[in-house]
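**Student:** Following is a predicted model, sequence given first.
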Amino acid sequence: MSVLITRPRHDEANYYLFFWSEEFIDEAKRKNLKYFDLYKDRASKINVESYLKKQSPDIVIFNGHGNDYEMAGHDNAILITKNNAELLKKKNVFMRACNTGNMLGKDIMRLGANGFIGYKRPFMFPMDKDSFSKPLKDKFASPCLECSNQVAVSLIKGHSIQEAQDLSINTYKRKLNEMFNSESSANSITIACLQWNMMNQVCYKN
Amino acid sequence: MNKNNMAEDKNYSQEIINLVVARLTSLPSNVELSVGNEGSFSINDLIERVKNGDKDEIGREIIEMQLSYIRSFKELTAE
């Protein structure tokens, strides 16, 4: 099994996702999986298409911005649309981006992907301005990013697309219970983001 | 990046806007919110956006997020 990951890093949100993706890259290393890490400006269309064609990864994880029809990489250059989505045939795909769960995810499935997890609305998470230089230690962001990371970690561990979705949703629910029982003043926005992302995280499978 | 199915144009009551503003006002000043493609916003930025919610896409998304949380609150606390 092999994994392709895109990790642009051109704005605040992608900066956070860049570092938080290290968790599942480490998981791939632990499992001795072959992985292709397209980070920063390597997250380009030409590279993504090349790796998809030549390396044929089983799992493809996109970090970045998106919309109903497009998944982007570094500097918001478009990587995937319905016009090249057949390159994702037979793969499990996770798009950690806004809105790709609407039309693009369905196109990806229609064109032969094994499974897809993405978001129907904007993916949101709070951040602590005082922790910006240490995103992995940002207590406001951690719950949301741990829950979405669970999708990628589960796929890399060999779970099916539905199992990865279920494990992630269970993580959301566990985090929500923990947050309800703790007293941080920022909890209300974290809880709202957790609930929003959980509600909008969709899974399609064949 | 455009082409999104953002929160539809809606007229939110002043009560709802006030409720969401009150919830945002209670947050610590060091909180910022990443709203996907739209960027990151301080609490003050979000409050201004919400106040313009009828005309502001970000404001509408924040209102929808908060309303979704409030509506699900009963279910979340029941589990």
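**Tutor:** Yep, it's here. Bear in mind the structure is a predicted one, so any value in this text is a computation, not a measurement.

**Student:** from here on, contacts and neighbour counts on C-alpha atoms
**Tutor:** Will do.

**Student:** any low-confidence regions in the chain?
**Tutor:** No chain in the question, so chain A it is. Low-confidence segments of chain A, defined by pLDDT under 70: A:183-185.

**Student:** You answered for a different chain; I wanted chain B.
**Tutor:** For chain B, the ranges with pLDDT under 70 are B:1-10, B:73-79.

**Student:** For the closest residue to chain A within it, list each beta-bridge partner.
**Tutor:** Using CA to the nearest CA, B:Leu33 is the residue of chain B that sits closest to chain A, at 4.3 Å. Beta bridges link B:Leu33 to A:Pro126, B:Phe41, judged by DSSP bridges.

**Student:** What is the burial count for it?
**Tutor:** 25 (other CA atoms under 10 Å in any protein chain shown).

**Student:** Please name the residues that touch it.
**Tutor:** Contacts for B:Leu33 (CA atoms under 8 Å, 6 or more residues apart in numbering or on different chains) come out as A:Met124, A:Phe125, A:Pro126, A:Met127, B:Ser40, B:Phe41, B:Ser42, B:Ile43.

**Student:** Quick check on those: which are buried?
**Tutor:** A:Met124, A:Phe125, A:Pro126, A:Met127, B:Ser40, B:Phe41, B:Ser42, B:Ile43 (16 or more other CA atoms under 10 Å in any protein chain shown).

**Student:** which residues does the last one contact?
**Tutor:** The one in question is B:Ile43. By CA under 8 Å, 6+ apart, the neighbours of B:Ile43 are B:Leu24, B:Thr25, B:Leu27, B:Ser29, B:Val31, B:Glu32, B:Leu33.

**Student:** ranges for the strands of chain A?
**Tutor:** All strands of chain A, identified by DSSP state E, fall at A:2-7, A:34-39, A:59-63, A:71-72, A:78-80, A:92-96, A:115-119, A:124-128, A:201-205.

**Student:** what's the closest of those to A:Lys173?
**Tutor:** strand A:201-205 (13.1 Å; CA to CA).

**Student:** Isn't A:Ala186 up against B:Leu27?
**Tutor:** Yes: taking CA atoms under 8 Å as the definition, A:Ala186 is a contact partner of B:Leu27 at 5.6 Å.

**Student:** Between the strands of chain A, which one is closest to A:Lys45.
**Tutor:** When the strands of chain A are compared by CA to CA, strand A:78-80 sits nearest A:Lys45, at 4.4 Å.

**Student:** The closest one and chain B in contact?
**Tutor:** No: if you take CA under 8 Å from any CA of the partner chain as the test, strand A:78-80 misses chain B, and the best it gets is 9.6 Å.

**Student:** And for stretch A:193-206?
**Tutor:** Yes: contact of stretch A:193-206 with chain B (CA under 8 Å from any CA) involves A:Cys193, A:Gln195, A:Trp196.
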